[in-house]
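S.K.: Show me the folded form of this:
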Amino acid sequence: MSAKRVWLLDSGSLVIDRTHIAWNIEPGSPVRFPVYSVLIEHSDGLFLFDSGFDKGTVEEFLPFELPEQTDEQTLPAQLEKCGFATSDVTAVINSHLHFDHCGGQRNLAEAVTWVGKEELRHCLVPEPFERLGYADKVFHRPDSAYRWLEGEEVDFADGIRLLFTPGHTVGHYSLLLERDGRRPMLFVADVTYTRETWEKELISGFHNDPTANVASVRKVKHLARRVDAEVFFTHDMQEWESYKHAPDHY
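M.R.: Residues are numbered from 1 along each chain as shown. Okay, here's the model as predicted:
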């Protein structure tokens, strides 16, 4: 059975320089961008794709990103809006482990974490240029349960397919949700940040391998055309304002 309901959970917003949205192309200026998670109600469990950021961690390590997150935008409050508790989440699928994609996992001690093995290694022992991106490691506890994402495609559950899209990070995955009688939903995570950069095939300034990142942009664009998917962008405020936000659902 494919996904029953899908919610977009609002985690608040951050500020980034324009040069980090369209790397090596656009001049710099501050841009405020959204951060959200994808909650999937499925016959096999309740799954979360990424978990947003923790305001305190960003204020400590990356204060220049000017985090805005109300009490209502914390992960427990967003789950409650949808009728769930943190203990109801069966598994978290991390597209990657940058701080704005894993911060909510401090509230999900009982959930299994699905992530690329090399992604976890880079998070725990980062290269110098990766350290700020991997600033939040609170999800990594002595009792953390991990399952590895491996290969070009992972059929996680019926209608939930994960696509290996490296470049932004070494172990980045995107998400394709196939739904009965409806258009597939493609969540590209940080392959590219906005609709504009998608159309121009531009990547962000935060990356592990820019050439691989561009190849991943082209890979998901081809897939979107082939399956006629509705594409969701992770850090595009204009697009975000057009999406349904929890408690409304798809």
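
S.K.: how about the strands in the chain?
M.R.: Along the chain, counting by DSSP state E, strands occupy 5-17, 30-42, 45-49, 91-93, 112-116, 146-149, 153-157, 160-164, 173-179, 182-187, 230-232.

S.K.: tell me the mean pLDDT over the fourth one?
M.R.: Right, the one you point to is strand 91-93. Here strand 91-93 scores 98 as its mean pLDDT.

S.K.: which residues of this structure fall in helices?
M.R.: 55-61, 75-81, 99-102, 117-124, 195-200, 210-227, 237-242 (DSSP state H).

S.K.: can you tell me which of those helices comes nearest to R161?
M.R.: helix 210-227 (9.6 Å; Cβ to Cβ). Every residue, glycine included, has its C-beta placed from N, CA and C.

S.K.: Show me what the closest one is packed up against.
M.R.: strand 160-164, strand 173-179, strand 182-187 (3 or more Cβ pairs under 8 Å, 6 or more residues apart in numbering; DSSP states H and E).

S.K.: got a list of what G52 touches?
M.R.: For G52, the contacting residues are 9, 11-12, 35-37, 73, 75, 100-101, 103-104, by Cβ atoms under 8 Å, 6 or more residues apart in numbering.

S.K.: neighbours around W198, how many?
M.R.: Applying other Cβ atoms under 10 Å, we find 20 residues neighbouring W198.

S.K.: can you tell me how far it sits from L186?
M.R.: Distance check for W198 against L186: by Cβ to Cβ, to the nearest Å, it reads 11 Å.

S.K.: who touches both of these two?
M.R.: In contact with both W198 and L186: V231, using Cβ under 8 Å, 6+ apart.

S.K.: Quick check, pLDDT for A3.
M.R.: With respect to pLDDT, A3 has a value of 81.

S.K.: What's the separation between it and F33?
M.R.: On the measure of Cβ to Cβ, A3 and F33 end up 26 Å apart.

S.K.: Give the residue from the two that has the larger number of neighbours.
M.R.: Per other Cβ under 10 Å, whichever of A3 and F33 has more neighbours is A3, with 24 against 20.

S.K.: list the contacts for that one?
M.R.: 40-42, 159-160, 177, 179.

S.K.: now the chain, which segments are flagged as low pLDDT?
M.R.: 1 (pLDDT under 70).

S.K.: rerun that using 80 as the cut-off
M.R.: Confidence mapping of the chain against pLDDT under 80 gives the ranges 1-2, 26-27.

S.K.: quick revisit: quick one, which of the helices of the chain gets closest to P166.
M.R.: In terms of Cβ to Cβ, the element of the helices of the chain nearest to P166 is helix 210-227, at 5.0 Å.

S.K.: Now do the closest one: distance to the chain's middle.
M.R.: 17 Å (Cα atoms, centre = their mean, to the nearest Å).

S.K.: Return that helix as CSV; C-alpha atoms alone will do.
M.R.: Only the C-alpha atoms of helix 210-227 are listed here, as CSV (Å, rounded to 0.1, in the frame of the first residue of the first chain):
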residue,chain,number,x,y,z
PRO,A,210,30.2,20.0,-7.3
THR,A,211,30.5,17.8,-10.4
ALA,A,212,28.6,14.9,-8.8
ASN,A,213,26.1,17.4,-7.5
VAL,A,214,25.3,18.7,-11.0
ALA,A,215,25.0,15.1,-12.2
SER,A,216,22.4,14.5,-9.4
VAL,A,217,20.4,17.6,-10.4
ARG,A,218,20.2,16.2,-13.9
LYS,A,219,19.3,12.7,-12.7
VAL,A,220,16.3,13.9,-10.6
LYS,A,221,15.2,16.3,-13.4
HIS,A,222,15.1,13.4,-15.8
LEU,A,223,13.2,11.3,-13.3
ALA,A,224,10.7,14.1,-12.7
ARG,A,225,9.9,14.3,-16.4
ARG,A,226,9.7,10.6,-16.8
VAL,A,227,7.2,9.9,-14.1
